[in-house]
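> Return a 3D structure for these sequence lines:
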Amino acid sequence: MLRLDWNMVITIVNLIVLCLLLKKFLIGPVTAIMEQRAALIEQQLADAKNDKQAAGDLKASYEEKLKTSDAESIRIVEESRASARAEYDRIVAEADRKAARILEDAKKAAEQEREKTLEEARTQIAGLVMAAAAKVLSESNEAGQSLQLYDQYLAKAGVTDESNRN
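Residues are numbered from 1 along each chain as shown. Just a heads-up that it's a prediction; the model follows:
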């Protein structure tokens, strides 16, 4: 049968005290450390999840900004093209106006040169007529006949009689 003696009782008491001491000084702190560690791991997992969510939001924001910046760059390029086209049209129009003015000035200069040449020709013709008239007068003393020849010549040349007699 089972015998209970003092050694066994002391051993049981020692075991109970040892279990209580181990629970108090070893198992309790180790459990607390393990709970702290588990809480830290859960906190880090929650932080990682939040960081992942924030990174996803940030990525979506950057993608949206990239899309808007693409649209903005396209708008800027189109505005630049329109501005360049307007500047090109303005420069071409200005060049056309300058060319037309130069052409008009050249036409006026040519007309003036033509008028000058015609005036010189009329002057030379008048001189020749005077010389011919003087020659005719020297050959014939009839003044009326010479004056009539002179007037006929000027009428054919297109010069009025009053402007050349003076």
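> List the residues that contact the residue nearest in space to the middle of the chain.
Closest residue to the average C-alpha location of the chain: residue 80 at 2.8 Å, with Cα atoms, centre = their mean. Residue 80 makes contact with no residue, according to Cβ atoms under 8 Å, 6 or more residues apart in numbering. In this view, the C-beta of every residue, glycine as well, is placed from N, C-alpha and C.
> Need the mean per-residue confidence for the host helix or strand of it.
Per DSSP states H and E, residue 80 falls inside helix 28-139. In this model, helix 28-139 has an average pLDDT of 90.
> Return the list of helices and strands in contact with the helix or strand following it.
Proceeding N to C from helix 28-139, the next assigned helix or strand is helix 143-157, under DSSP H and E. For helix 143-157, the packing partners by 3 or more Cβ pairs under 8 Å, 6 or more residues apart in numbering; DSSP states H and E come out as helix 28-139, helix 161-165.
> Dump these into TSV; add distance to residue 12 as well.
Below are the helices and strands packed on helix 143-157 laid out as TSV (distance: least, Cβ to Cβ, whole Å):
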stretch	distance to residue 12
helix 28-139	23
helix 161-165	161
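> Could you point out which of those helices sits nearest residue 13?
helix 28-139 (21.2 Å; Cβ to Cβ).
> tilt between that closest one and helix 143-157?
Counting by axes from the mean of the first three to the mean of the last three Cα atoms, to 10 degrees, helix 28-139 lies at 160 degrees to helix 143-157.
> Now do helix 28-139: distance to the chain's middle.
5 Å (Cα atoms, centre = their mean, to the nearest Å).
> what about the helices and strands packed on helix 143-157, which gets the closest to residue 11?
For residue 11, the closest of the helices and strands packed on helix 143-157 is helix 28-139, at 24.3 Å, according to Cβ to Cβ.
> ok so, going back, of the helices and strands packed on helix 143-157, which approaches residue 22 most closely?
Evaluated over those, closeness to residue 22 peaks at helix 28-139, with 9.2 Å, by Cβ to Cβ.
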